[in-house]
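In: coords please:
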Amino acid sequence: MDVYHPYSPARIFMRRTAVVFVGTLALPVMLFRADRARFYSYLHRVWVKSSDKPVWLEQAEAICCDFY
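Out: From the prediction side, this is the model:
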């Protein structure tokens, strides 16, 4: 039984297209804000997400093999 389901390639493409669009649209405003790192960090999380699995869990499982 698989708990987390991967997104379809079309959904991943639409998410990444939306991230590029929102990031480009927000760039002139975010240049003058102090919290722009938080905003672009959130966009990066949306870009990386490719399944129902939380991003932190996927990254933790990926790094595990480097140490063991």
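
In: From now on I want contacts and neighbour counts done on CA atoms only, so please keep to that.
Out: Noted.

In: remind me which residues of this structure are low pLDDT?
Out: Within the chain, the ranges that satisfy pLDDT under 70 run 1, 64-68.

In: how about the helices in it?
Out: Remark: helices assigned in the chain by DSSP state H are 9-30, 36-48, 55-67.

In: Name the residues of stretch 36-56 that are buried.
Out: Residues of stretch 36-56 classed as buried by neighbour count (16 or more other Cα atoms under 10 Å): 40, 43, 46-47, 49-50.

In: wait, which of the helices of the chain is closest to residue 3?
Out: For these, the distance to residue 3 is smallest for helix 55-67, at 12.8 Å, taking Cα to Cα.

In: who touches residue 49 in this structure?
Out: Residue 49 sits next to residue 55 when contact means Cα atoms under 8 Å, 6 or more residues apart in numbering.

In: May I have the phi/psi pair for it?
Out: phi -60, psi 120 (degrees, to the nearest 10).

In: From residue 45, how far out is residue 54?
Out: Distance from residue 54 to residue 45, counting by Cα to Cα, to the nearest Å: 10 Å.

In: err, residue 51, not the other one
Out: For residue 51, the distance to residue 45 - Cα to Cα - is 12 Å.
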